[in-house]
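A.B. asks: Here is my input, please return the structure:
(2 chains)
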Protein chains: 2
Amino acid sequence: MAEEKKWVRLVTAKTPTNIAVIKYWGKRDEALILAINDSISVTLDPNHLCTTTTVAVSPAFQQDRMWLNGKEISLAGDRYQNCLREIRKRACDVEEEDKGIKIAKKDWESLHVHIASYNNFPTAAGLASSAAGLACLAKLMNVKEDQGQLSAIARQGSGSACRSLYGGFVKWIMGNSEDGSDSLAVQVTDEKHWDDLVILIAVVSSRQKETSSTSGMRESVETSLLLKHRAQEIVPKRIIQMEEAIKTKDFPAFARLACADSNQFHAVCLDTTPPIFYMNDTSHRIISIVEKWNLAEGTPQVAYTFDAGPNAVLIARDRKAASLLLQRMLFYFPPGAGADLNSYVLGDESILQDAGIKEMKDVESLPYPPELKDTNSIQKYAGDVSYFICTRPGQGPVVLSDESQALLNPNTGLPK
Amino acid sequence: MAEEKKWVRLVTAKTPTNIAVIKYWGKRDEALILAINDSISVTLDPNHLCTTTTVAVSPAFQQDRMWLNGKEISLAGDRYQNCLREIRKRACDVEEEDKGIKIAKKDWESLHVHIASYNNFPTAAGLASSAAGLACLAKLMNVKEDQGQLSAIARQGSGSACRSLYGGFVKWIMGNSEDGSDSLAVQVTDEKHWDDLVILIAVVSSRQKETSSTSGMRESVETSLLLKHRAQEIVPKRIIQMEEAIKTKDFPAFARLACADSNQFHAVCLDTTPPIFYMNDTSHRIISIVEKWNLAEGTPQVAYTFDAGPNAVLIARDRKAASLLLQRMLFYFPPGAGADLNSYVLGDESILQDAGIKEMKDVESLPYPPELKDTNSIQKYAGDVSYFICTRPGQGPVVLSDESQALLNPNTGLPK
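C.D. replies: Predicted coordinates:
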């Protein structure tokens, strides 16, 4: 190992975030992060929502360090330490002749790493960090394990992040073994399988401080009398039905299951002592708008799901439904005073074009949704949504070969 | 029977409303109104919240008629017809010599009745009507059945109303028989047993149209996968624990059970397809305020419970806790612009005096609740509560001997 040379080896990757359509809520092992039920998620297109991570190794580094969104954070927590220990164990020989880098398997124990992560949408993202770090470290260290085995390590950083190591629809199998070795993610279908789907995220304005999902699910496990019944009796059946709905692209079944499971997760939060409220009045209104429209159409056009916060993730059956959904959302939730359309609808702007909306006056002149019978009692809620993101199911982590996208300086290994 | 004389016989009674502390949600028989679980309620003092009902019978009446809050309503519905049929079956001979009234048991089949009911607090009351009518009709018709048997008839008008035939704490036993004859109310303890308790109702402003409890519970029975588990496995244990807590006046156990059961009822509503939201952001805030205070005190000062709407019913352990509660509520939820204190805090005004609040400026100068550590982030919600009602546990129906309180004219049998 050429310690005298002070080289820096870098790997940069873009890792997606994911949203569960059958929810994970409750651990059977807090340290290993083992779930009390299987869960299924859809990976969101990293072109719109992703974490970019650069990891670096150099004999010049004195300690492991990490920067999140430009700010250094401590790696002292158990979760970081578990992930780093597990991935180091699996590191292999690395050689980059042109840079004079040669690292033997045993050297990894004494080498330190630098990690820099950046979420492109701070409010709505945040899930993917540990998956992003893991994907990069595995590449950096020439780890031979497959994605499933890596997901079992990522899981120890953040449970739901393990589902971000694949694109498309992903199942996190809770597993049975006590050491967690069989608690890992598998791909249900890739992102090309069901490419009609369009996803609209409503980032909801909120004045409330939210309960973290880690402490929330611990309190639910300890106090909710409904959670155990859900995990043992209800979710196993839904997992089978949801896999079937995804494989056969059965949107009505998919929507029914996703909405019911989101609502049941929030029901369990409410059944917790003290109760946990993640959805607010705006979340409730979005559900009511979607339910009313789906009912009027006779078959679901849109599924909704909410994680540990008030933001709505709306999954439209196709582009047509997505543009009608966006019209409805902008009708009820126009931007607050002074906002412009470009900062109000982000991501895939082609949906906005499909919806025939080019400027603010098009929002103002949106017609009443036809499912509304009593147009006298209509209320609009300007400012109650902060912004929307249009996206779709997407691929898993991608290693970037373009070094200019690295977040760490290739000479110093420090943030650019 | 002296038909030629055209006499009118009147009975007037004041019947309380009640609030469940272990909730009724779900019927096993829609027609007979049989519940899927036992429930327990506390009867509210009729001096503050009640229904006054006058029933009249006269050979001059051409048909059964009813007026609710001054407006004639149809008696054609099954629920009214079932109640009237069942009570008529049990009518007995009546004789009032001074008025020349003599009605034989068999005559009741052909005699018509007039019923007038008036709720003194329209928004928060409304539960008690069928119990009120029943109590009056039973007296009018000289029905010999006891309160329990009457409650089984009142139940067929409105399930939860059957609990209003007693004061204090009341259990509605779901019963087992198919004809509903053993589905009736029994008194757990009378209103004098636990007379420390003080009840504060927050009538919450709402722009939402609510799902009726009749259709809401039907949808929950049909679609919620959690409701059956609640009714069969959870509520039976809670009923035993709640009866014990009431009998031993164990406020911490009472509060824990009442809050958990209210939250679980709303959890089941959320687990319904489509989901039902009765609580809104204001309801959630009231819960958070109470939970935070209870936690800071180390033992519960106040229990909360919410029915099929956003209004909070807060049960304080004693007068001292009630005055501290009222201070907190007025601190966070001062009246909206232009409101005066007299129309903002109704009912038992002595609690307001205990809290040291005589005028609006006393509300404005209320100190920060000491359990708040971070006083920088405090938000107040003026106008989010419409008004408060201070009350307490109270007695069951009372027949009024003073004819001047009758709602029907003693000569014509029509509304005064």
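A.B. asks: Per-residue pLDDT of residue A:251, please?
C.D. replies: Listed pLDDT for residue A:251 reads 98.
A.B. asks: Next SSE downstream of whichever strand or helix holds residue A:352?
C.D. replies: Using DSSP states H and E, residue A:352 falls within helix A:350-354. Using DSSP H and E, the helix or strand that follows helix A:350-354 in sequence is helix A:360-364.
A.B. asks: Next, the buried residues of that following helix.
C.D. replies: residue A:363 (16 or more other Cβ atoms under 10 Å in any protein chain shown). Just so you know, the C-beta spots here come from the backbone N, C-alpha and C atoms, and that holds for glycine as well.
A.B. asks: ok, and what's touching it?
C.D. replies: Helix A:360-364 is contacted by residues A:330-331, A:334-335, A:340-341, A:356-357 when judged by Cβ atoms under 8 Å, 6 or more residues apart in numbering or on different chains.
A.B. asks: Any of those residues buried? List them.
C.D. replies: A:330-331, A:334-335, A:341, A:357.
A.B. asks: In helices only, show me those residues.
C.D. replies: A:330-331 (DSSP state H).
A.B. asks: Where do the domain boundaries of chain A fall?
C.D. replies: A:3-190, A:198-391 (automatic domain parsing).
A.B. asks: With residue B:98 as the reference, name the closest of those domains.
C.D. replies: Distance to residue B:98, taken as Cβ to Cβ, is lowest for domain A:198-391 among the domains of chain A, at 55.0 Å.
A.B. asks: And that closest one, end to end?
C.D. replies: This stretch, domain A:198-391, spans 6 Å end to end (Cα to Cα, to the nearest Å).
A.B. asks: what about the stretch 51-200 of chain A, any weak spots by pLDDT?
C.D. replies: A:122-129 (pLDDT under 70).
A.B. asks: what's around the residue nearest to residue A:183 when sequence neighbours are not counted, how many residues?
C.D. replies: Spatial nearest neighbour of residue A:183, excluding adjacent residues (Cβ to Cβ, 6 or more residues apart in numbering or on different chains): residue A:175 at 3.4 Å. Residues near residue A:175, counting by other Cβ atoms under 10 Å in any protein chain shown, number 19.
A.B. asks: ok, residue A:164 touching residue A:15?
C.D. replies: Yes. With contact defined as Cβ atoms under 8 Å, residue A:164 and residue A:15 form a contacting pair (5.7 Å).
A.B. asks: any shared contact partners between the two?
C.D. replies: Common contact partners of residue A:164 and residue A:15 (Cβ under 8 Å, 6+ apart): A:128, A:131-132, A:396-397.
A.B. asks: What mean pLDDT does stretch A:32-42 get?
C.D. replies: Per-residue scores along stretch A:32-42 average to 97.
A.B. asks: buried stuff in it?
C.D. replies: Neighbour-count burial for stretch A:32-42 [16+ other Cβ under 10 Å]: A:32-42.
A.B. asks: That one and chain B, are they touching?
C.D. replies: No. Judged by Cβ under 8 Å from any Cβ of the partner chain, stretch A:32-42 stays clear of chain B, getting no closer than 13.7 Å.
A.B. asks: Could you export that stretch as CSV, CA atoms only?
C.D. replies: C-alpha atoms of stretch A:32-42 as CSV (Å, rounded to 0.1, in the frame of the first residue of the first chain):
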residue,chain,number,x,y,z
LEU,A,32,-30.4,-4.7,13.9
ILE,A,33,-33.5,-2.9,12.5
LEU,A,34,-35.7,-5.9,11.8
ALA,A,35,-39.3,-5.2,10.9
ILE,A,36,-42.4,-6.8,12.3
ASN,A,37,-43.8,-7.2,8.7
ASP,A,38,-42.8,-7.2,5.1
SER,A,39,-43.2,-4.0,3.1
ILE,A,40,-43.3,-3.0,-0.5
SER,A,41,-42.2,0.3,-2.0
VAL,A,42,-41.9,2.0,-5.4
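A.B. asks: And the helices in the stretch 251-400 of chain A?
C.D. replies: Under the criterion DSSP state H, counting those that start in this stretch, the stretch 251-400 of chain A carries helices at the ranges A:251-270, A:281-297, A:319-332, A:350-354, A:360-364.
A.B. asks: Turn the ones you listed into TSV, including distance to residue B:74.
C.D. replies: Output for those, formatted as TSV (distance: least, Cβ to Cβ, whole Å):
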stretch	distance to residue B:74
helix A:251-270	36
helix A:281-297	29
helix A:319-332	36
helix A:350-354	50
helix A:360-364	44
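A.B. asks: Most tightly packed of those helices?
C.D. replies: helix A:251-270 (a mean of 24; mean count of other Cβ atoms under 10 Å in any protein chain shown).
A.B. asks: hmm, that helix touching chain B?
C.D. replies: Yes. Helix A:251-270 comes into contact with chain B (Cβ under 8 Å from any Cβ), by way of A:256, A:259-260, A:263-264, A:266-268, A:270.
A.B. asks: Quick check: residues of chain A near chain B?
C.D. replies: Counting by Cβ under 8 Å from any Cβ, chain A sits next to chain B at A:207, A:225-226, A:229-230, A:233-234, A:256, A:259-260, A:263-264, A:266-268, A:270-275, A:277, A:280-281, A:284, A:287-288, A:291, A:295, A:379.
A.B. asks: ok, now with 6 Å
C.D. replies: A:225-226, A:229, A:234, A:260, A:263-264, A:266-267, A:270-271, A:273-275, A:277, A:280-281, A:284, A:291 (Cβ under 6 Å from any Cβ of the partner chain).
A.B. asks: Give me the phi and psi angles of residue A:41.
C.D. replies: As for residue A:41, its main-chain torsions (degrees, to the nearest 10) stand at phi -130, psi 170.
A.B. asks: leaving aside the residues next to it on the chain, what's closest to residue A:213?
C.D. replies: Using Cβ to Cβ, 6+ apart, the nearest residue to residue A:213 is residue A:308, at 4.1 Å.
A.B. asks: what number of residues lie near the one you found?
C.D. replies: The burial count for residue A:308: 20, using other Cβ under 10 Å.
A.B. asks: Against chain B, how distant is it?
C.D. replies: 15 Å (Cβ to the nearest Cβ, to the nearest Å).
A.B. asks: and if you look at residue A:347?
C.D. replies: Taking Cβ to the nearest Cβ, one finds residue A:347 at 27 Å from chain B.
A.B. asks: Over to residue A:385?
C.D. replies: 15 Å.
A.B. asks: Could you pull up the residues touching residue A:341?
C.D. replies: The neighbourhood of residue A:341, defined by Cβ atoms under 6 Å, 6 or more residues apart in numbering or on different chains, consists of residue A:360.
A.B. asks: in the stretch 251-400 of chain A, which ranges drop under the pLDDT threshold?
C.D. replies: In the stretch 251-400 of chain A (pLDDT under 70), no residue qualifies.
A.B. asks: redo that, cut-off 90
C.D. replies: A:336-340, A:372-379 (pLDDT under 90).
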